[in-house]
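1. Dropping a prediction and its sequence here:
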Amino acid sequence: MGGRLPDPHPSGGLPSQVTIWEVGARDGLQNEAATVDVAVKAEFLDRLAAAGLSVLEATSFVHPGWVPQLADASDLLATLQRRRGVRYPVLVPNERGLVRALQAGVDDIAVFASATESFAQRNLNRSLDDQFTMFEAVVGKARAEGMRVRGYVSMCFGDPWEGPVSVGQVVEVGRRLLALGCEQLSLGDTIGVATPGHVEVLLERFARAGVGGDTVAVHFHDTYGQALSNTLAALRCGVTCVDASAGGLGGCPYAESATGNLATEDLVWMLDGLGIVHGVDLDALVETSGWMARRLGRPSPSRVVRALVG
């Protein structure tokens, strides 16, 4: 496997450097039916850090009845050996989750909002407008404690109950999260229906609203095989932070049609081919994803992992 990398050919209009926001340990594992042992999760995170990933979304302080796989969040953070220079953000759904995060010594959180009424009701048990009341208390207290806060916006490109989602509505939700104190938005294609033109239109509308690529990240699912092409479109619009999941793990427990996230290895291969700096050792990452796939008892869905491991 060692030494196989794409021949780099830079393309104009792209950023010179990209931050990969690795979500494998949280978003990647949250939908697994069989409980993954805390020690395995901790080793997974440590291996990802050793491979050069500098942002590792570790877990979520969600109610265990909602996502049983993440019921061990406090134990995981107590077990994890955090590496210098690596961020370990956690997802916090409400004030109770924030209290638990503070008790665990977390200094980097994310909240998870919806761009649509239907998903807000199903995921948060709140209306589209009422979700901001909940987030106002969480974000305000987190910022007062000196925490960094990211705002996820789900269903940005389509909703399984409502169908197409208004670009203007997505921008309005994003702007309201920023007004509450979120430092970054992650725009989620939760059911994987986005295409590059749609990505460009949404990012251009955000830019016209004063929200540029330095404030926006993208989070694509690969349901229809569009995640990489959508990512490239986002990079051309100035985005410099991309969410990805090692080995292509993941889905969404509240959206049955959602398949895995963009595989981190597939993203790294493309970035290497474009000459874009990202800091990740592809061989070490592939080995890590293969290691986790063996523990889950199935092959990795990542095309690059399959190509390099066989």
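-> Cool, the structure landed.
2. mean confidence score for stretch 65-73?
-> What stretch 65-73 shows for mean pLDDT is 92.
3. just stretch 21-36 next, same as before
-> 94.
4. Endpoint to endpoint, it covers what distance?
-> 21 Å (C-alpha to C-alpha, to the nearest Å).
5. May I see the buried residues of it?
-> For stretch 21-36, a neighbour-count test (16 or more other C-beta atoms under 10 Å) marks Trp21, Glu22, Val23, Gly24, Ala25, Arg26, Asp27, Gly28, Leu29, Gln30, Asn31, Val36 as buried. For the C-beta atoms, the positions are set from N, CA and C on the backbone; glycine is no exception.
6. In helices only, show me those.
-> Among those, no residue falls in helices (DSSP state H).
7. Go through the residues you listed and name the one nearest Leu232.
-> Ranked by distance to Leu232 (C-beta to C-beta), the buried residues of stretch 21-36 are led by Trp21 at 16.9 Å.
8. Tabulate the buried residues of stretch 21-36 (TSV), appending distance to Arg205.
-> Shown next, in TSV, are the buried residues of stretch 21-36 (distance: C-beta to C-beta, whole Å):
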residue	distance to Arg205
Trp21	22
Glu22	28
Val23	25
Gly24	30
Ala25	32
Arg26	28
Asp27	25
Gly28	30
Leu29	33
Gln30	30
Asn31	31
Val36	39
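9. for the protein, where's the lowest mean pLDDT among helices and strands?
-> When each helix and strand of the chain is scored by mean pLDDT, DSSP states H and E, helix 303-309 comes last, with a mean of 92.
10. So which residues make contact with it?
-> 1, 4, 247-248, 263, 265-266, 268-269, 282-283, 286, 289-290, 293, 299-300 (C-beta atoms under 8 Å, 6 or more residues apart in numbering).
11. PyMOL command to pick out the buried ones of these?
-> Only the buried entries of those go into this PyMOL selection, using 16+ other C-beta under 10 Å:
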select buried, resi 247+248+263+265+266+268+269+282+286+289+290+293+300
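12. Out of the contacts of helix 303-309, which sit inside helices?
-> Checked against DSSP H, these include these in helices: Glu265, Asp266, Val268, Trp269, Leu282, Asp283, Val286, Ser289, Gly290, Ala293.
13. I'd like those written out as TSV, with distance to Val153 and pLDDT added.
-> Shown next, in TSV, are these (distance: C-beta to C-beta, whole Å; pLDDT from 0 to 100):
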residue	distance to Val153	pLDDT
Glu265	26	98
Asp266	23	97
Val268	25	98
Trp269	27	98
Leu282	30	97
Asp283	34	96
Val286	31	97
Ser289	27	96
Gly290	32	95
Ala293	30	93
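14. export the residues you listed to TSV and tack on distance to Asp222?
-> What follows is the ones in helices among the contacts of helix 303-309, written out as TSV (distance: C-beta to C-beta, whole Å):
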residue	distance to Asp222
Glu265	13
Asp266	9
Val268	15
Trp269	14
Leu282	19
Asp283	23
Val286	18
Ser289	15
Gly290	19
Ala293	16
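15. closest to Arg143 among those?
-> Nearest to Arg143 out of these is Val268 (C-beta to C-beta; 32.3 Å).
16. and the helix or strand containing Gly97, average pLDDT?
-> Using DSSP states H and E, Gly97 sits in helix 95-103. Mean pLDDT, helix 95-103: 96.
17. Now do the helices in the chain.
-> Going by DSSP H, the chain shows helices at 38-50, 73-79, 95-103, 117-119, 130-144, 167-180, 196-208, 227-236, 264-273, 282-296, 303-309.
18. Show me the one of those that comes nearest His9.
-> For His9, the closest of the helices of the chain is helix 264-273, at 6.7 Å, according to C-beta to C-beta.
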